[in-house]
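In: Based on what follows, work out the 3D shape:
(2 chains)
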There are 2 protein chains.
Amino acid sequence: MKQFMEPQSVAIIGVSRYTGEGAFNILENLLSYRYQGRIYPINPSVSEILGVKTYSSVAEVTDDIDLAVIATPRALVPQLVKECADSNIKAIEIVAQGFSDASDEEGKQLQKEIDNIVKAGQTRVLGPNTFGTANAFINFSSTFIKIRMKRQPTGIICQTGAFFVGFSEMAFVGKGLDLGNACDVSFSEGLGYFDNDFETKVVALHIEGMQDTKAFTSISRDIARKKPIIALKTGQNEQAAKAIQSHTGSLTGRKEVWQAIFKQAGVIQVSDVEELIDLTGTFSLLPLMKKSKIGVATISGALGVMTIDASQNFDISIDTLSPKTQKLLDMVAPSWLKVNNPVDIWPIMIETQPITKLMIDGLEALLADHELGAVLVICAAFDEKWATDLCKLLSELAAAHPDKPLTCCIYGPCAAQAIREMQDAGKVVGFPTPERAIRALARLNEYSRLRSGL
Amino acid sequence: MKQFMEPQSVAIIGVSRYTGEGAFNILENLLSYRYQGRIYPINPSVSEILGVKTYSSVAEVTDDIDLAVIATPRALVPQLVKECADSNIKAIEIVAQGFSDASDEEGKQLQKEIDNIVKAGQTRVLGPNTFGTANAFINFSSTFIKIRMKRQPTGIICQTGAFFVGFSEMAFVGKGLDLGNACDVSFSEGLGYFDNDFETKVVALHIEGMQDTKAFTSISRDIARKKPIIALKTGQNEQAAKAIQSHTGSLTGRKEVWQAIFKQAGVIQVSDVEELIDLTGTFSLLPLMKKSKIGVATISGALGVMTIDASQNFDISIDTLSPKTQKLLDMVAPSWLKVNNPVDIWPIMIETQPITKLMIDGLEALLADHELGAVLVICAAFDEKWATDLCKLLSELAAAHPDKPLTCCIYGPCAAQAIREMQDAGKVVGFPTPERAIRALARLNEYSRLRSGL
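Out: The predicted model follows:
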């Protein structure tokens, strides 16, 4: 798997002379990331592209090639795979669509030819129908679309390029592996790589289907004792299974079977893309929770109420504070206010100034409380300065309490800015609604209990 | 209610000399919105604030005052309410906290004094513990925090200022009414105003509790035949009810009872803040759906699969296309691709150029299909130009098909930008994940069926 994930040298077969917008030129993207490995563009018609010397075929390259990326029309692929195998290239990524995902006979026939080459030798194939691999730590990506990568401890194994492209709130790729149709390289092999990769702390999975669920369950179970694995399994019914057939050609499996597999393996199953985004962010930044009770501090009583509603739906406890913490908070609150959990911090703020020593003292009291497994702060970002001040305050508090997960729910016009800044600071996880914050903490708690029980 | 929602003249009682950040000065905010009505700041200690002449009391003002906003410590409030009533002011907003929401006896006593004044005369009270009212169409807001308003056809009635402040994706206030503790002015009166208000097309509700559910049910039922009402009821259990007691002091009511009320009244109940955001945006921009089947066009097969999963969870149909539409789409697709619903439009794009006549033709075919009640497009915003081009393309298509709801799910690094631009253009609703797009369409369909059946 290292040749796929950490290639020192790459051949790009089928690289075009066309560059710029709409050209989807893999070489152009790779150069823009400043990849430092050796690059061998293969194109028999020209002698150089974008200043890089081209070769007429992989056979012409005399150096070792770790990885070959094939991005040609599908009919040419089997012959090119054969040439790579003959040149002793052990890792091949096939970008083209139209194999087991196609509805015609030709696609199935082409796939069979590839399978035969793989079976005969030592060459491994990723895809077809894949974005390939990406690794922010070596500025490498084989994608024909320019993607966002970030040196963060998140690995994703998926069956679509969408997770490489990312969602507005989230770049999934620290490291990425798109299995596409998964004709050869599998989920369990990908997991094996991330198991041993010290740069990856959290593994996110997008699964349409797979052949060998037994190997998957076994290796997931091993890894989940050390690193959280978060999985989105799509294709919950027959209609979706049909759609998957024309997407990656995978066998989907029954919903209940998958729930049992994930449970057995200790994999955290999510219900949609948003939860995958939220949990991948949460697990990559926050420590585990030592207790199941959380403390909530909020400037909005209404949003505090919503956290209680959510805590019931997601099974986490927002309960009475310890007498010591209660006493500390009573000292800073106005006399008419009864301090509960959630703690209403608005009166503390308006009776003095927006972000004050009193507010910090209040949050410190919650963070220092050993009975609380995590703290959630609900606040608004009224303007750009608030957003930045809030991010600074909370990041500093989190840095002073590295063993206590600190999350926040930010509303108001500059909430998106505040959440982004917190993500960049890398200490606190921000959410745009109270329910999403509670759901993430509940799942963090669930995994923390699992780990302490393993 | 007009005096609260459309005041021609406002007295601000308890306006401070302090201005700028952290001063929470209502007058300063009001001036910044460029409100054109008459303003009477009441402050006995100075003669002018921010260039506006001040008065020592409302009695000193000889002109008519539509609305008085009281923003003083709670102990002064009953006396000030009395002075307003004596000066024949018919609408009062009480900003201060610490009445029925307080845990002490003094709060309850102060509330009783206010109740007695209200009962004795014609003066109506909004709050206490309220942000008051806001109306983007006359640049008016009584809030002590500067809020975002937008001239949009959305009205919100809530029991927290959080919805005035808004959530990053969404400004709720076209017009806003924060009932706070709701000691006098009620949900049904607020609904009565929005019923007759031609500037409001959608009403969003945030309910902690209320006294008169019968009046609410009756008027909601009337309005729901004409305008969608979307409601978030918080406080689903005893613990939340306790928190509400110290927030607005409302009676929460049982979860099942509220579900029955909403069902009977034709009110669309949402499960969390995010769904309230999504549906308020959707219902304010899109026409109703004539059929329950939707057409999905996607550049990502994987996200197409997720729409099918979601369609099962949220009860909407993504089914076989009509033979005519199928034939039109087959003509633009590559030979190896079997066109289904969701339609895979990626091959149409990469075989030519990103946004092409072929893609437009494909979307036109879906939009023109009378069997489809709505169309969902799934696409990435790979960079800023893509985001803008995509927004322009979809907005133009929507404008050409004003009777067919068009939504999109946008992923990729510039998704947030694309979604914002679409919101500003006001023709298409954008979502960051496929599941949220499907949920919104399913609820739009549900209400459309209700309306056609009423």
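
In: which bits of the stretch 201-350 of chain A sit near chain B?
Out: A:206, A:208, A:234-237, A:239-240, A:242-244, A:246-248, A:272-274, A:300-306, A:308-310, A:312, A:318, A:334-338, A:340, A:342, A:344, A:347, A:350 (C-beta under 8 Å from any C-beta of the partner chain). Backbone N, C-alpha and C define where each C-beta goes, glycine included.

In: Just the buried ones from those residues, in PyMOL syntax?
Out: Command for PyMOL, covering only those of these found buried under the criterion 16 or more other C-beta atoms under 10 Å in any protein chain shown:
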select buried, chain A and resi 206+208+234+235+236+239+240+243+244+246+247+248+272+273+274+300+301+302+303+304+305+306+308+309+310+312+318+336+337+340+342+344+347+350
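
In: Among the residues of the stretch 201-350 of chain A next to chain B, which lie within helices?
Out: The helices, defined by DSSP state H, take in A:239-240, A:242-244, A:273-274, A:301-306, A:308-310, A:312, A:347, A:350 from those.

In: residues near A:D369, how many?
Out: 20 (other C-beta atoms under 10 Å in any protein chain shown).

In: One more: A:P287?
Out: For A:P287, the count of nearby residues is 15 (other C-beta under 10 Å).

In: Thought A:P402 was touching it, still the case?
Out: Yes. Using C-beta atoms under 8 Å, A:P287 is in contact with A:P402, at 6.7 Å.

In: and the stretch 1-150 of chain A, which of its residues are near chain B?
Out: Counting by C-beta under 8 Å from any C-beta, the residues of the stretch 1-150 of chain A near chain B are A:21-22, A:24, A:74, A:97-98, A:101-104, A:106-107, A:145-146, A:148.

In: and A:E208, what is it in contact with?
Out: A:Q159, A:T234, A:G235, A:I244, A:H247, A:T248, A:S250, A:T252, B:A302, B:V305 (C-beta atoms under 8 Å, 6 or more residues apart in numbering or on different chains).

In: Rebuild these as TSV, extending it with distance to A:F167 and pLDDT.
Out: Formatted as TSV, the contacts of A:E208 follow (distance: C-beta to C-beta, whole Å; pLDDT from 0 to 100):
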residue	distance to A:F167	pLDDT
A:Q159	16	96
A:T234	15	94
A:G235	20	90
A:I244	21	78
A:H247	19	72
A:T248	20	74
A:S250	22	72
A:T252	23	73
B:A302	12	94
B:V305	16	94
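
In: which two in these are spaced the farthest apart?
Out: Within these, A:T252 and B:A302 form the most distant pair, 12.5 Å apart (C-beta to C-beta).

In: Find the nearest non-adjacent residue to the spatially most central residue of chain A, please.
Out: When C-alpha atoms, centre = their mean is applied to chain A, the residue found nearest the centroid is A:F172 (3.6 Å). Closest residue to A:F172 apart from its sequence neighbours, by C-beta to C-beta, 6 or more residues apart in numbering or on different chains: A:I156 at 4.3 Å.

In: shouldn't the one you found be in contact with A:V202?
Out: No. In this structure, A:I156 is not within contact of A:V202 by C-beta under 8 Å, at 9.4 Å.

In: any shared contact partners between those two?
Out: Contacts common to A:I156 and A:V202, judged by C-beta under 8 Å, 6+ apart, are A:T280.

In: neighbour count winner among those two?
Out: Applying other C-beta under 10 Å to A:I156 and A:V202 shows that A:I156 carries more neighbours, namely 27 against 23.

In: counting contacts, what elements does whichever strand or helix holds the more buried one pack onto?
Out: Using DSSP states H and E, A:I156 maps to strand A:154-158. Using 3 or more C-beta pairs under 8 Å, 6 or more residues apart in numbering or on different chains; DSSP states H and E, the elements in contact with strand A:154-158 are helix A:162-165, strand A:175-178, helix A:187-195, strand A:202-207, helix A:273-285.

In: 7 Å instead?
Out: Counting by 3 or more C-beta pairs under 7 Å, 6 or more residues apart in numbering or on different chains; DSSP states H and E, the packing neighbours recorded for strand A:154-158 are strand A:175-178, helix A:187-195, strand A:202-207.

In: hey, which of those is tucked in deepest?
Out: Across those, averaging neighbours per residue (mean count of other C-beta atoms under 10 Å in any protein chain shown) puts strand A:175-178 on top, at a mean of 29.

In: right, is that strand up against chain B?
Out: No. Strand A:175-178 stays clear of chain B (C-beta under 7 Å from any C-beta of the partner chain), getting no nearer than 9.9 Å.

In: what distance separates that strand from the centre of its chain?
Out: Centroid separation for strand A:175-178 versus its chain: 9 Å, with C-alpha atoms, centre = their mean, to the nearest Å.

In: for the record, mean pLDDT for it?
Out: Here strand A:175-178 scores 97 as its mean pLDDT.

In: Direction included, what does it pair against?
Out: The strands that strand A:175-178 pairs with in its sheet are strand A:133-135 (antiparallel), strand A:154-158 (parallel) (by DSSP bridges).

In: separation between A:D344 and A:T433?
Out: Using C-beta to C-beta, to the nearest Å, A:D344 is found at 19 Å from A:T433.

In: Actually, A:D389.
Out: Look at A:D389 and A:T433: by C-beta to C-beta, they are 22 Å apart.

In: more neighbours, the two?
Out: Per other C-beta under 10 Å, whichever of A:D389 and A:T433 has more neighbours is A:T433, with 25 against 15.

In: my guess is the more buried one meets A:C409, correct?
Out: Yes. Using C-beta atoms under 7 Å, A:T433 is in contact with A:C409, at 6.4 Å.

In: Next, the angle from the top helix by length along chain A to helix B:273-285.
Out: In chain A, assigned by DSSP H, the helix with the most residues is helix A:434-453. Helix A:434-453 runs at 150 degrees relative to helix B:273-285, counting by axes from the mean of the first three to the mean of the last three C-alpha atoms, to 10 degrees.

In: Show me what counts as buried in helix A:434-453.
Out: Buried residues in helix A:434-453, defined by neighbour count with 16+ other C-beta under 10 Å: A:434-448.
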